[in-house]
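Enquirer: here's a sequence, model it:
(one chain, ligands or ions: 1)
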Amino acid sequence: MALRNLSKLKIHKFGIRQFSKEANLVSVAVNDKTGVATLNLQRPPVNSLNLEILSEISSTLTDLEKNKTRGLILTSKNEGIFSAGLDIMEMYKPDVERMKKFWTTLQDTWIKLYSCSFPSVALINGHAPAGGCLLALSCEYRVMFKNCTIGLNETQLGIVAPQWFISSMRNVIGQRQTESALTQGRMFKTEEALSIGMIDEVVENNEEGVARAAAFLKRFERIPPMARAMTKKYIRKETIENMVKNREEDLKNFVTYGTQPAVQEYLGAYLQSLKKKSKA
Ligand SMILES: CCCCC/C=C\C/C=C\CC/C=C/CC(=O)SCCNC(=O)CCNC(=O)[C@H](O)C(C)(C)COP(=O)(O)OP(=O)(O)OC[C@H]1O[C@@H](n2cnc3c(N)ncnc32)[C@H](O)[C@@H]1OP(=O)(O)O
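Expert: All right, here's what the predicted structure looks like:
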């Protein structure tokens, strides 16, 4: 059932309106009482972000905005993995036209998530490297399971995190921590991420995670939505404008840089190491 027809959605007995997109790489449930939408990433095995799942996230965010959702919980159906980040297959030996579409869709998705008017929480119920970390950092609050890892590890792969990835992290943990984390491509364990403020709360399980995410969203119940949304807009304005102003150049950089033989070599070796690990 299309999210656009929210008003026609069947209300299930627990007051949760369920709908899913045709391709089912994401699913969304809207709580009828609170108006909070839970967006689940569900691209097995590791929710790596390819063109198709990014397109679904992006169009879902548009629909949530249109339908004036009261809040978003972004999480994963594959417990244990929030998202493995960008699908390396979109960058390794790429078809350049698809590669451009992929990056443009990632840019669109980030703009929509980073600038959404409604409050957003990432319920990080698994590992969140690179692009997975970017999605989480773009939300306003982060609740994370124990024994997981999060970070922008691009340098370890021989690639460079774009400016807007860096800004997304800097806006959460500050310049000093970001420089140290990114130059090392460091992945943080849950407790370490909490200690530097990359995440806000640690939870034991999904039930507690959902409750903590809902508690954050409830803080806005008595705040006029327009005042809240405008304040967020002002605070995030510069970061978004910088990205939008440079998005053509960013796309060009991605294609030029990503197709360099040395980068392709790194990506190929990294893919092999992931595959070896999964076969060991
Ligand atoms: C000079 C100017 C510069 C300007 C700069 C401009 C542009 C910059 C250019 C590029 C920037 C690009 C930015 C990229 C950001 C990214 O997101 S890159 C992706 C980074 N992701 C990772 O490093 C995560 C890798 N994965 C893992 O660490 C683990 O898989 C996991 C997530 C911790 C899960 O572990 P688990 O043990 O459960 O699963 P497996 O490892 O066994 O994996 C299962 C299966 O999935 C495959 N896979 C895993 N991750 C990815 C991925 N990201 N993409 C594609 N495929 C992935 C893995 O290979 C296994 O496959 P199988 O063997 O076929 O089953």
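Enquirer: what does this protein put close to the ligand?
Expert: Contact residues, the chain versus the ligand (CB under 6 Å from any ligand atom): 45-46, 48, 81, 84-89, 127, 129-131, 153-154, 157, 159-160, 162, 253-254, 257-258, 274-275, 277-278. Just so you know, the C-beta spots here come from the backbone N, C-alpha and C atoms, and that holds for glycine as well.
Enquirer: these two touch, right, residue 201 and residue 143?
Expert: Yes - with contact defined as CB atoms under 8 Å, residue 201 and residue 143 form a contacting pair (4.7 Å).
Enquirer: out of those two, which sits in the busier spot?
Expert: residue 143 (27 against 17; other CB atoms under 10 Å).
Enquirer: so what's the more buried one bridging to?
Expert: Beta bridges link residue 143 to residue 123, residue 201, judged by DSSP bridges.
Enquirer: hey, what's in contact with both of residue 201 and residue 143?
Expert: Common neighbours of residue 201 and residue 143, using CB atoms under 8 Å, 6 or more residues apart in numbering, are residue 212.
Enquirer: where along the stretch 1-150 of the chain do the strands fall?
Expert: Assigned by DSSP state E, counting those that start in this stretch, the strands in the stretch 1-150 of the chain fall at 16-20, 26-31, 36-41, 71-76, 80-81, 120-124, 126-129, 141-145, 149-151.
Enquirer: what helices or strands is the fifth one leaning on?
Expert: It refers to strand 80-81. Judged by 3 or more CB pairs under 8 Å, 6 or more residues apart in numbering; DSSP states H and E, the packing partners of strand 80-81 are strand 126-129.
Enquirer: and for the strand it packs on, what's in contact with it?
Expert: 76, 78-85, 122, 135-136, 144-145, 148-153, 187.
Enquirer: let's see that with 10 Å instead.
Expert: By CB atoms under 10 Å, 6 or more residues apart in numbering, the residues outside strand 126-129 that reach it are 41, 46-47, 75-76, 78-86, 122, 132-137, 142, 144-145, 147-154, 156-157, 185, 187-188, 193, 198-199.
Enquirer: single out the most deeply packed of the strands of the stretch 1-150 of the chain.
Expert: Neighbour counts (mean count of other CB atoms under 10 Å) averaged over each of those peak at strand 120-124, with a mean of 28.
Enquirer: quick check: mean pLDDT of that one?
Expert: Throughout strand 120-124, pLDDT has a mean value of 98.
Enquirer: before we move on, what about stretch 145-155?
Expert: 97.
Enquirer: show me what residue 49 is bridged to.
Expert: residue 86.
Enquirer: neighbours of it, how many?
Expert: 27.
Enquirer: residues in contact with it?
Expert: 25, 41, 43, 57, 83-87, 90, 102, 105-106, 109, 130-132, 134-135.
Enquirer: again, 6 Å this time
Expert: 86, 87, 131 (CB atoms under 6 Å, 6 or more residues apart in numbering).
Enquirer: at which residues are the helices of this structure located?
Expert: With helices called from DSSP state H, the chain shows them at 51-66, 96-115, 131-138, 163-173, 175-184, 190-195, 206-218, 225-245, 247-258, 261-279.
Enquirer: for residue 32, find the nearest of these.
Expert: helix 206-218 (13.8 Å; CB to CB).
Enquirer: quick one: work out the angle between the closest one and strand 141-145.
Expert: Helix 206-218 runs at 170 degrees relative to strand 141-145, counting by axes from the mean of the first three to the mean of the last three CA atoms, to 10 degrees.
Enquirer: how far off centre is helix 206-218?
Expert: Remark: helix 206-218 is offset 18 Å from the chain centroid, using CA atoms, centre = their mean, to the nearest Å.
Enquirer: to what extent is residue 234 buried, counted in neighbours?
Expert: 9.
Enquirer: could you report the separation of it from residue 115?
Expert: As judged by CB to CB, to the nearest Å, residue 234 and residue 115 stand 11 Å apart.
Enquirer: same question, residue 37
Expert: Taken as CB to CB, the span from residue 37 to residue 115 is 17 Å.
Enquirer: if we can go back for a sec, ranking the contacts of residue 49 by neighbours, who comes first?
Expert: Per-residue neighbour counts (other CB under 10 Å) across the contacts of residue 49 peak at residue 131, which has 24 neighbours.
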